[in-house]
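J.: predicted model follows, preceded by the sequence.
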Amino acid sequence: MEEAERSNKELVLRHLYETTKAYYANFDQRPDFEAAYRLAQDELNAQTTESEFFVICSRLLASLEDPHIRLVTPDSTFLTFNYLNYERTVDLARIKNHYLQDLYSENSRAVYGRLEQNIGYLYLPDFTDWTIYNQPPPEIQEAMNALRSTSGLIIDLRNNDGGSAIYAQALAAYFTQNQLLWHQSFNKNGPLPNDFDKAYQWFVNPSIHYYYNKPVIVLTSRYTVSAGERFVLAMKLLENATVIGQRTAGSQGSVRGFEMLNGWWFSLTFEKILDANGYNWDYLGIAPDREINTTLSQFPEGKDPLLEEAMEELGH
């Protein structure tokens with residue numbers, strides 16, 4: 001019985017490895033997955049319990065260091081995001097109490113208002129639950145309308161954990177008068193290293209609402225991931241936009257789920273993203289225009305130095 005159980009776990013582990021090899025999009029950018037698989041094989045034995053097997057599989061997936069990847073069982077969930085220890089670096093209470101002079105709205109999709117010197121502030125925790133295809137939801141349209149007369153705008157993505165690239169695209173549209181080649185995407189569709197479908201070109205077109213022509217600063221952190229990162233790619237194309245903060249999380253592509261042979265479930269990034277110049281920011285994270293690595297735990301009490309840096313730049 002023990003040998004049968006061991007054999008079954010070996011089969012499940014190999015299926016996990018082979019599925020990942022077939023459909024993960026960015027092995028050329030990542031650590032050595034083969035070595036991680038050999039280690040996982042070595043750790044597996046006839047006495048391996050279900051909980052120990054969960055740890056073995058989690059470590060194998062975590063070796064890719066991709067914040068999109070997760071492993072889900074009926075009893076446990078492993079998030080690579082937690083393994084990477086990326087820190088949320090926004091304290092909204094601090095910003096509302098010490099910086100915002102007018103708080104127009106606070107909801108699940110956005111916090112926005114005005115800072116001193118008529119500088120607008122827009123905090124976006126994600127790009128999810130935006131239900132109008134290719135248009136920002138009413139809350140974001142209201143935010144952009146409210147901030148239209150500001151002298152500059154800070155878009156805070158430091159806690160943005162992604163969502164839909166379609167809606168990141170719709171928000172970016174407010175900041176250009178011309179069509180821009182935004183990025184290209186390639187979906188992994190087979191087991192060989194070069195098994196990708198044809199490139200799909202993404203563009204940002206001018207918004208049907210209005211053009212915000214004032215200076216914009218985007219704040220980023222290692223917790224800025226996925227669609228949040230793609231929004232950063234769009235803003236880096238604009239002359240009136242500056243990105244300040246940390247490198248982003250380093251996983252811009254879309255995700256799909258797979259079922260393991262034992263009924264567990266895991267997710268992989270199956271989409272490779274190249275920026276408008278053909279560069280792949282996967283794993284590294286998108287570099288800001290000005291890198292500042294101070295984190296929330298290092299902020300003086302009641303202060304947000306990164307926000308103050310952006311305010312000072314826009315106030316000049």
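T.: Noted; the coordinates are in hand.

J.: from here on, contacts and neighbour counts on C-alpha atoms
T.: OK.

J.: in the stretch 201-316 of the chain, mark out all the helices, start to finish.
T.: Read by DSSP state H, counting those that start in this stretch, the stretch 201-316 of the chain holds these helices, from start to end of the chain: 227-235, 305-315.

J.: what is the burial count for residue 244?
T.: Counted by other Cα atoms under 10 Å, the residues lying close to residue 244 total 23.

J.: do residue 137 as well
T.: Residue neighbour count, defined by other Cα under 10 Å, stands at 17 for residue 137.

J.: one more: residue 107?
T.: Neighbour count of residue 107, defined by other Cα under 10 Å: 9.

J.: and it, what's its pLDDT?
T.: Note on residue 107: pLDDT of 71.

J.: residues contacting the helix or strand bottoming out on mean pLDDT in the chain, please?
T.: With mean pLDDT, DSSP states H and E as the measure, the helix or strand of the chain carrying the lowest mean pLDDT is strand 102-106 (a mean of 81). Under the criterion Cα atoms under 8 Å, 6 or more residues apart in numbering, residues 96, 111, 112, 113, 114, 115, 143, 146 lie in contact with strand 102-106.

J.: partners of it in the sheet?
T.: Using DSSP bridges, strand 102-106 pairs in its sheet with strand 111-115 (antiparallel).

J.: about what we covered before: between the contacts of strand 102-106, which is closest to residue 51?
T.: residue 111 (40.7 Å; Cα to Cα).

J.: which strand residues bridge that closest one?
T.: Counting by DSSP bridges, the residues bridging with residue 111 are residue 106, residue 123.

J.: kindly state the pLDDT recorded for it?
T.: At residue 111 the predicted local confidence, pLDDT, stands at 92.

J.: the residue lying closest to residue 280 once chain neighbours are set aside bridge partners, please.
T.: Beyond its immediate neighbours in the sequence, the residue positioned closest to residue 280 (Cα to Cα, 6 or more residues apart in numbering) is residue 274, lying 4.7 Å away. On the basis of DSSP bridges, residue 274 takes part in beta bridges with residue 184.
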